[in-house]
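Q: fold the following.
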Amino acid sequence: MNKYMPQGKSFIKAVKGKIIIALLLACLALVLAWNVSKVAFNELLSTVNNVTAPSERLSLVNVISRKINNLDQRQKKLAFKSSANYSDLIKDSRQLRVLLDSLAFLYTTDSIQTARISKIKKLLIERDMQFLGYLKVRSKFINNDSFSAQVKELNELASKRSKVDSTVLATEEKTSTTTFYPDEEKPRSFLGKIFGGKKRDKDGSFTIISEEKIKRDTIALSAEELMAKNLEVSLKRIETQQKQNSATFLNREEKLINANALLVNQMLDVLREVENEVVSQIKLNGVEAETVVNNTINTTSIIMVVFFGLTILLLYLILSDITRSNKYRYELERAKDEAVYHSMAKQRFLANMSHEIRTPLQSIIGYTEILGAQDYPDKKAVAAITNSSEHLLQIVNEVLDYNRIISGKLTFLSQPFDIKKLLDEVISVLRPQAQARHLELVGLFDLNEIKMVEGDPFRLKQILYNLLGNAIKFTEKGEVKLIAGYKKKGEILHFTFQVKDTGIGMSEEQSQRIFNEFEQLNPVQNADNQSGAGLGLTIIKSLIENQNGRIYVKSKEKSGSTFTFYLSFKELLGTNEQRIASSIIAGRSFHSGKVWIVDDDQLILDLCEIILKANGVDFRCFSSPSEMLAAEIDSKLTHVLMDMRMPDMDGVELCRLMRERVNPGTQIIAVTAQVMPAEREHLLANGFDGLILKPFRAHELLQGIFGNTTSSEEELEISEENNHVEQIDLSYLKKMTFGDASQMAKIINRFIEDSTQDEILVNDAISSDDFEMVCLIVHRLAGRVGQMGIKELAKDFRVLEIDMRNTGSLSDSYKKRIELLLTQLNTTIIRLLKEDTAV
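A: Got it, this is the predicted structure:
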């Protein structure tokens, strides 16, 4: 087998195999056509020979017919001769009978024809006999001795008459009178009769009288009378004899003629039958020849049609293989080019990532060592660690977003937001960065009092932050503009966003590949600006296109760039706060039941207590699953909120047990710090009615109870991504405590106490290699830290928990990560203590 032929590919599927099969089919078709033609032409030649060859029967019949006619003519010719030699006729007649025997032999299988031939033979013999009899009669008729004797007798009678003596005479006188009449007069006319006179009678007749005298010898007269009687008797006898001879002759002649006619008719019948047979045979041979030709044509046509059909099919398959091969070759070449391009891009990416990660890590490690040696942390060192962490977080976020895009897990939120406020926020956040580079950041918004729209605010901010950040980064002097406008079509607002700068610009070739992954602009000339993974614009393009938008860039080198993108949002009336408040108020107005909450983290229970008390919700808190299961079911119970990971029992098992106890209409809601899309589906499939993601805000908790209890997949993912927009946001904590300083201090102290206790517990679990306990404490810390607004650290705890559960083991690298996160937690606690002091 050819080593270059793909393994598992059959001979028939290969192009070479199809070509060989096509050639074999062509040879087979030619051989079949040749054999069919050969057989057909042989049959056709045999048929033609049969048609063209003279019929032996017909030839023999023609010979016999001619001989019979010839024999008949010779007989007639000889019949008029007084003396002739008849031996030749007898000999020819005998030969004719031999020919008839030969003809009868050819018709041995045809009884009718054999009978006819026998009859002809018999007629031929009878005719010969009749001809001989005819000759005898004719001979007697011509050479008649009796007639000669009778004539001689008559002569003798005549000679006796002359000797008779005439002595007696008698005279007889006769007189005769004859009268003649003239012709009649013509009749007169009509006028003559009227005017004419009387017709005169006129007699014009005349009479002639003649006299004759006759002398008669009476003796001689008596002798003549006797002789006359004798002559009369002789003549009558001669006449009778002649009549008999003539009748016999005519009878013989008639029989001979009838025999000849019958013989000729019989021969004509035989001849016609033979001719009809020959003609029928000729027609049959012609039909057979035509059939042979038609069969040959049809067979050859079928062979050719089948051959051409198979040839066309094989040609199509071969061309398809060639086309597919060319397509594969083209795709391989393109894939090779892309692989080379991506390989180079990834090399640049890895080289850049190495620099981007090592630099902030070095800063973090260095300042961490400095802080470890100090009794009181230096704010400058803490700020350096914070900035380096944010830089690392940006790189990680880009890589994570890109991973979501290529895995098809990128989701979008549809929620109300104030677009004017969002745009102003983006400008205000990035203005310090622009001012640091001595640039003017301008916002030009033509919104015509449009405020509330429905869409994904986080993704819009992500797009604007990236585009404006790049514009600021690559602009050395001048300004950066954010321009926004819209066109309204029904309830849909079609927004146009433009980011313009006066920076270094791009060439046309760079503009075409600026949206490619791992692609960065001018890596040599602008090395100072190379921060990030080179995935920003790739992610931005995917975010826009996945929202049914589009983006394009116009740029010239040293003349700046303009990025334009289009997105559509639905217009809403009222503010976001009004919508949330109305939803909560509407739900609360109809809610008269009771809420149970179970969580092993006392901080979460304290926060829920503050929020629910402030909103007049009847509730009860439990610190463990066993405590909830031991409690008596309240008849007013409508909602059960439970943490998913607790020491005694997980949330799924607790949900199953509670379903057996509570009323069918009671809603059970999962409150957890980590829910991936697959886990969400798993929870909903196992009896949960909805999800509330930690950390939650007051209105999110209330919406989970009074509003829609099922958080969408988009909300979960966006909430997760919002976790790391800011480091610490105590404003949420202030809102949940309604500005009560004592309550806020209580919450912070509870957080510090619980976190310190969990740090001790997790170290003990690590020492005893208790994997489940470590995962449980890490999960609890992630929820607690996130609830306090320390979202980056909460995210790190969640990522650590996911990694640990995916591997199912507690490796040294995980222990180091836990140690690092606990160090960051202690630093955060110190900052919270400062915030608490400030409060």
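Q: if you count contacts, what does the helix or strand where S46 lies end up packed against?
A: Taking DSSP states H and E as the criterion, S46 maps to helix 15-52. For helix 15-52, the packing partners by 3 or more C-beta pairs under 8 Å, 6 or more residues apart in numbering; DSSP states H and E come out as helix 218-373. Every residue, glycine included, has its C-beta placed from N, CA and C.
Q: got phi/psi on G443?
A: The phi and psi torsions at G443 (degrees, to the nearest 10) take the values phi -120, psi 120.
Q: does it touch K420 like I think?
A: No. Assessed by C-beta atoms under 8 Å, G443 is found out of contact with K420, at 10.1 Å.
Q: just after whichever strand or helix holds I610, pick out the following helix or strand.
A: Using DSSP H and E, I610 sits in helix 602-614. Where DSSP H and E defines the elements, the next helix or strand beyond helix 602-614 is strand 618-622.
Q: wait, is T475 part of a strand?
A: No. Assigned with DSSP: H, G, I helix; E, B strand; the rest coil, T475 falls outside any strand and is coil.
Q: next, count neighbours for it.
A: Here the number of neighbours of T475 (other C-beta atoms under 10 Å) works out to 22.
Q: does it touch V499 like I think?
A: No. Taking contacts as C-beta under 8 Å, T475 lies outside contact range of V499: 10.8 Å.
Q: quick revisit: for the record, mean pLDDT for the helix holding S46?
A: Helix 15-52 comes out with an average pLDDT of 73.
Q: same check on stretch 453-464?
A: The model assigns stretch 453-464 a mean pLDDT of 86.
Q: neighbouring contacts of that stretch?
A: Applying C-beta atoms under 8 Å, 6 or more residues apart in numbering, the external contacts of stretch 453-464 come out as 412-417, 419, 422-423, 425-426, 482, 493, 497, 499, 540, 543-544, 547, 565, 567, 569-572, 714, 718, 721-722.
Q: of these, grab the buried ones for PyMOL.
A: Of the contacts of stretch 453-464, the buried ones can be selected in PyMOL as follows, counting by 16 or more other C-beta atoms under 10 Å:
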select buried, resi 412+413+415+416+417+419+422+423+426+482+493+497+499+540+543+544+547+565+567+569+571+572+714+718+721+722
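Q: which ones among the contacts of stretch 453-464 are found in strands?
A: With DSSP state E as the criterion, strands contain Q415, P416, F417, L482, L493, F497, V499, F565, L567, F569, K570, E571 from among the contacts of stretch 453-464.
Q: so where do the helices sit in the stretch 451-600 of the chain?
A: Secondary structure of the stretch 451-600 of the chain by DSSP state H, counting those that start in this stretch: the helices cover 457-473, 508-513, 536-545, 576-590.
Q: buried ones in the shortest one?
A: Of the residues in helix 508-513, those buried under the neighbour-count criterion (16+ other C-beta under 10 Å) are Q510, S511.
Q: just checking, what packs against that helix?
A: Using 3+ C-beta pairs under 8 Å, 6+ apart as the test, helix 508-513 ends up in contact with strand 550-555.
Q: adjacent strands (with direction) for the strand it packs on?
A: Using DSSP bridges, the strands paired with strand 550-555 are strand 561-571 (antiparallel).
Q: and the helices of the stretch 451-600 of the chain, which one averages the lowest pLDDT?
A: Among those, helix 576-590 scores lowest, at a mean of 47.
Q: what residue spans form the domains of the chain?
A: The chain breaks down into these domains under automatic domain parsing: 385-571, 581-717, 723-839.
Q: make a markdown table from these and add distance to L135 to it.
A: Formatted as a markdown table, the domains of the chain follow (distance: least, C-beta to C-beta, whole Å):
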| stretch | distance to L135 |
| --- | --- |
| domain 385-571 | 128 |
| domain 581-717 | 134 |
| domain 723-839 | 140 |
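Q: tell me which of these sits nearest to T291.
A: domain 385-571 (70.4 Å; C-beta to C-beta).
Q: tabulate the CA atom coordinates of stretch 94-108 in PDB.
A: Extracted in PDB, the C-alpha atoms of stretch 94-108 (Å, rounded to 0.1, in the frame of the first residue of the first chain):
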ATOM      1  CA  ARG A  94     -39.200 -40.100 -67.500                       C
ATOM      2  CA  GLN A  95     -36.600 -37.500 -66.500                       C
ATOM      3  CA  LEU A  96     -39.400 -35.200 -65.400                       C
ATOM      4  CA  ARG A  97     -40.700 -37.900 -63.100                       C
ATOM      5  CA  VAL A  98     -37.200 -38.200 -61.600                       C
ATOM      6  CA  LEU A  99     -37.200 -34.500 -60.900                       C
ATOM      7  CA  LEU A 100     -40.600 -34.800 -59.300                       C
ATOM      8  CA  ASP A 101     -39.200 -37.600 -57.100                       C
ATOM      9  CA  SER A 102     -36.400 -35.200 -56.100                       C
ATOM     10  CA  LEU A 103     -38.900 -32.400 -55.300                       C
ATOM     11  CA  ALA A 104     -41.000 -34.900 -53.300                       C
ATOM     12  CA  PHE A 105     -37.800 -35.700 -51.300                       C
ATOM     13  CA  LEU A 106     -37.400 -32.000 -50.400                       C
ATOM     14  CA  TYR A 107     -40.900 -31.900 -49.100                       C
ATOM     15  CA  THR A 108     -40.800 -35.100 -47.100                       C
END
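Q: what does that stretch contact?
A: Contacts of stretch 94-108 (C-beta under 8 Å, 6+ apart): 56-57, 60-61, 63-64, 67-68, 71, 113-114, 117-118, 120-121, 124-125, 270.
Q: could you do stretch 552-563 as well?
A: Under C-beta under 8 Å, 6+ apart, the answer for stretch 552-563 is 467, 471, 474-475, 478, 498-507, 510-511, 514, 551, 564-565.
Q: buried residues in it?
A: Result for stretch 552-563 [16+ other C-beta under 10 Å]: buried residues V553, S555, G560, S561, T562, F563.
Q: now do the end-to-end distance for stretch 611-631.
A: 23 Å (C-alpha to C-alpha, to the nearest Å).
Q: list the buried residues for it?
A: Neighbour-count burial for stretch 611-631 [16+ other C-beta under 10 Å]: I611, L612, N615, V617, F619, C621, F622, S624, P625, M628.
Q: any idea of the mean pLDDT in it?
A: Across stretch 611-631, pLDDT averages out at 86.
Q: then stretch 317-329 to CSV, C-alphas only?
A: The C-alpha coordinates for stretch 317-329 follow below in CSV (Å, rounded to 0.1, in the frame of the first residue of the first chain):
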residue,chain,number,x,y,z
LEU,A,317,-16.7,11.6,-8.3
ILE,A,318,-13.2,12.1,-9.6
LEU,A,319,-13.8,15.8,-10.2
SER,A,320,-15.5,16.0,-6.7
ASP,A,321,-12.4,14.4,-5.2
ILE,A,322,-10.1,16.7,-7.1
THR,A,323,-12.3,19.7,-6.1
ARG,A,324,-12.3,18.4,-2.5
SER,A,325,-8.6,17.8,-2.7
ASN,A,326,-8.0,21.3,-4.0
LYS,A,327,-10.3,22.7,-1.3
TYR,A,328,-8.4,20.7,1.3
ARG,A,329,-5.1,21.8,-0.1
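Q: name the residues of that stretch that are buried.
A: Buried residues in stretch 317-329 (16+ other C-beta under 10 Å): L317, I318, D321.
Q: need the contact list for the residue nearest to I318 when sequence neighbours are not counted.
A: Distance criterion C-beta to C-beta, 6 or more residues apart in numbering; nearest residue to I318, sequence neighbours excluded, is K18 at 5.0 Å. Listed by C-beta under 8 Å, 6+ apart, the contact set of K18 reads I12, L314, L317, I318, D321.
Q: many thanks, have a good one.
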